[in-house]
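> build me a model from this:
(chains A and B)
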Amino acid sequence: MSRRALNTILAGAVSIVLILWLVVPFLMALMWSMVDPGQPWSYPDIFPPKLSFERWKIVWETTSLSTAMLHSYSLAPMAGLCALLLGMPTAYAFGREEFPGKTIAQILMLTPLVLPGFVTAVFFASLLLSFGLFDRYPAILLGHVVLFLPFAVRILSVSFAQVRQDVVNAARDLGASPIGVFRVAYLPVLKPGIFAAFLIVFVLSMEEFAISFIVGVPTFTTIPTILFSYLGFDFIRTNAAVVSLILVVPNIVLMLVLERLLQSANPANVSGKG
Amino acid sequence: MPKALRIVLLLAPGLGLVVGLMALVVYRAAAQSLGLYNFAGTDTLGLTHWQDLLSNHNYWGAIRWSAYVATTSSLIAVALAYPLALWLRRPFRGSTFLSAMIKAPYLVPGLVAAFLLINVISFHGFVNEFLVWTGIWQKPVRMQNDKFGYAVIGLQVWKQLPLAFLLLTGAIQSIPDPVLHAAQDLGAGMLARFRKIILPLTAKAMQAALILIFIGAAGDFSFQSIAGPTRQDSMATLMTQLQGANHNDWNGAAVVGVSLMALSLVGAVAFAGLVQLVAKLAEKAR
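Next comes the predicted model:
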């Protein structure tokens, strides 16, 4: 058998395994979310006896999902915006300046990623208690911003590094003001990076569980914390299926957009020069 | 404006905020583990909370469990990612689809991943229904919350394999073709090429993958509390239990938190050393 034929067979076999690995779990979640409340799905039925959107309606009308969605969908863009504003100057320094200790500074920026998430969450909550900060919304927002700033800074510093100095110089030589230089030389190159940084912080904030759970418990809910409530002590599979899909589907779409943005973040695409 | 001042001002809102808050968090954990900031009594600097936890078998059980799950998951994820990354090194028909499928679980939040797995392995989930249908099993078997933690390890591998794959693919793709062709022309077989060229040149990526997966798995809360054995705590679940409303033992939680940071550090150093040793041995072996 030729090497090429062997590769094709192998690719087919791995594809089947990966489809089972990925599609089956999602298909089961989708079916569980559509089990009709009047006809439960139990062993030995392979498929639910009746499918309907009744469960989605019940979850929306009888749980605090709408509040949790409001919290998650307002925290995420706020976190994205704050991370952009706070991360931009640091990203500029990392991307365009040379200074002693730059490598150490870049490593230190990654601290939130190497510290276990629940350690950060628990002792962040302890700090809030000591400082008397009991308002959960701004506390969780601060936690999300700090936790995800490294991602924003990393993406933006790559974008800043891609801005061509000759374009900046040309704009200055032609008499552009600092704002004008930013608009014509920086912004076109930074734009995909800005969108990408915003999106990644948005998606990560939507998914974040540790800080939202520890700081928010018991009254402040986000989509992940409400999902955990259906998976933990009070296990309600159908509700969990609905909330899982509400959490995961928009995020996957946004991540695909993010990948496109990162691919387009090439200076040649915007300046016409490689 | 002097350059040093300009750099400090540029770094302050981003790096300054991150380092400041994370330093406070680590300091708070260390200080609370030593009896300070006691929310349930008076502050007493000392090792009392450490002594309490060190004589508690739940604490040792949680350390052993987290170390076991983290080590096993990181080794399995990297062992599975290596052949996939090598195979998909050069594009072929369908390779983009395969890469996307391998990377997809990385986009799935941990809680959702745990729920998806529970559905698949539940009493009338896909695995049970399929095995009963094929006649391999006579009746469904309870697989959820197994005492060996296979479900938790499976979940960690499902979720973390893409990370290992991404890191290893990047390293493997950066090996220049002429280097591999030269080795082939000089008579090196597949195994020899792997041992003497690929392994040493991808050791750093392997180290990074093992370390990141280990740290993530050691600090796991979601998978353990949803799919883990009911009578076994991970370090994160023990820490939150102690800190929670039932115990309100923040200082005890701090001991577990500091131990978890120490475990992550020890695991990271151990994996870094192990990879270096393996790469050196593989390069030297004839």
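
> going forward, measure contacts and count neighbours with C-alpha atoms only.
Noted.

> name the nearest residue to B:Ser222, sequence neighbours excluded.
In this structure, B:Ser222 finds its nearest non-sequential neighbour in B:Leu111, 6.0 Å apart by Cα to Cα, 6 or more residues apart in numbering or on different chains.

> for the one you found, what are its contacts?
Applying Cα atoms under 8 Å, 6 or more residues apart in numbering or on different chains, one finds that B:Leu111 lies in contact with A:Pro224, A:Leu227, A:Phe228, B:Ser222, B:Phe223.

> can you check the distance spanned by stretch B:143-157, start to finish?
17 Å (Cα to Cα, to the nearest Å).

> next: stretch A:90-110.
Across stretch A:90-110, first to last residue, Cα to Cα, it's 13 Å.

> near chain B at all, it?
Yes - counting by Cα under 8 Å from any Cα of the partner chain, contacts between stretch A:90-110 and chain B involve A:Thr90, A:Tyr92, A:Ala93, A:Phe99, A:Ala105, A:Leu108, A:Met109.

> returning to what we had before: okay, the residue nearest to B:Ser222 and B:Lys159: tell me how far apart.
Here the criterion is Cα to Cα. By it, B:Leu111 lies 11 Å from B:Lys159.

> tell me which element the residue nearest to B:Ser222 is part of?
B:Leu111 belongs to helix B:110-121 when assigned by DSSP states H and E.

> check B:Arg142 too.
Going by DSSP H and E, B:Arg142 is not part of any helix or strand.

> contacting residues around it?
For B:Arg142, the contacting residues are B:Ser122, B:Phe123, by Cα under 8 Å, 6+ apart.

> any idea which element residue 241 lies in?
In the absence of a named chain, this looks at chain A. Using DSSP H and E, A:Ala241 falls in helix A:237-264.

> ah, no, chain B please
Element membership for B:Gln241, per DSSP H and E: helix B:235-243.

> tell me which residues touch the residue nearest the centre of chain A, please.
For chain A, the residue nearest the mean C-alpha position is A:Val203 (2.1 Å; Cα atoms, centre = their mean). With contacts taken as Cα under 8 Å, 6+ apart, A:Val203 has the following neighbours: A:Ala76, A:Asn251, A:Leu254, A:Met255.

> most neighbours of all the residues you listed, which one?
Neighbour counts for those (other Cα atoms under 10 Å in any protein chain shown) peak at A:Ala76, which has 25 neighbours.

> who's the closest spatial neighbour of that residue, skipping the chain neighbours?
Nearest to A:Ala76 is A:Phe202, by Cα to Cα, 6+ apart, at 4.6 Å.

> what pLDDT does the model give whatever residue of the stretch 151-274 of chain A ends up closest to chain B?
Here the stretch 151-274 of chain A gets closest to chain B at one residue, A:Ser244, 5.5 Å apart by Cα to the nearest Cα. The confidence metric pLDDT takes the value 94 at A:Ser244.

> that one against A:Leu227, yeah?
Yes - in this structure, A:Ser244 is within contact of A:Leu227 by Cα atoms under 8 Å, at 6.8 Å.

> A:Trp60 and B:Ser33, how far apart?
On the measure of Cα to Cα, A:Trp60 and B:Ser33 end up 43 Å apart.

> can you tell me the helix or strand for residue 153?
Using chain A here. Assigned by DSSP H and E, A:Val153 falls in helix A:136-162.

> to clarify, I was referring to chain B.
Per DSSP H and E, B:Ile153 falls inside helix B:150-173.

> can you point out the buried residues in that helix?
For helix B:150-173, burial by neighbour count (16 or more other Cα atoms under 10 Å in any protein chain shown) applies to B:150-169, B:171-172.

> export the helix or strand that it is followed by as CSV, just CAs?
Going down the chain from helix B:150-173, the next helix or strand is helix B:177-185, by DSSP H and E. Only the C-alpha atoms of helix B:177-185 are listed here, as CSV (Å, rounded to 0.1, in the frame of the first residue of the first chain):
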residue,chain,number,x,y,z
ASP,B,177,13.2,20.6,6.2
PRO,B,178,16.8,20.5,5.0
VAL,B,179,17.9,19.4,8.5
LEU,B,180,15.5,16.4,8.5
HIS,B,181,16.4,15.6,4.9
ALA,B,182,20.1,15.7,5.6
ALA,B,183,19.6,13.3,8.5
GLN,B,184,17.6,11.0,6.3
ASP,B,185,20.3,11.1,3.6
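
> list the helices and strands the lengthiest helix in chain B packs on?
In terms of residue count, the longest helix belonging to chain B (DSSP state H) is helix B:250-284. When contacts are defined as 3 or more Cα pairs under 8 Å, 6 or more residues apart in numbering or on different chains; DSSP states H and E, helix B:250-284 packs onto helix B:17-33, helix B:48-54, helix B:57-87, helix B:199-218, helix B:235-243.

> of all these, which one is nearest chain A?
Nearest of the helices and strands packed on helix B:250-284 (Cα to the nearest Cα): helix B:17-33, 5.4 Å.

> helix or strand with the lowest mean pLDDT in chain A?
In chain A, the helix or strand scored least confidently by mean pLDDT, DSSP states H and E is helix A:267-271, which has a mean of 49.

> now B:Ala85. Nearest residue, chain neighbours left out?
B:Thr169 (4.9 Å).
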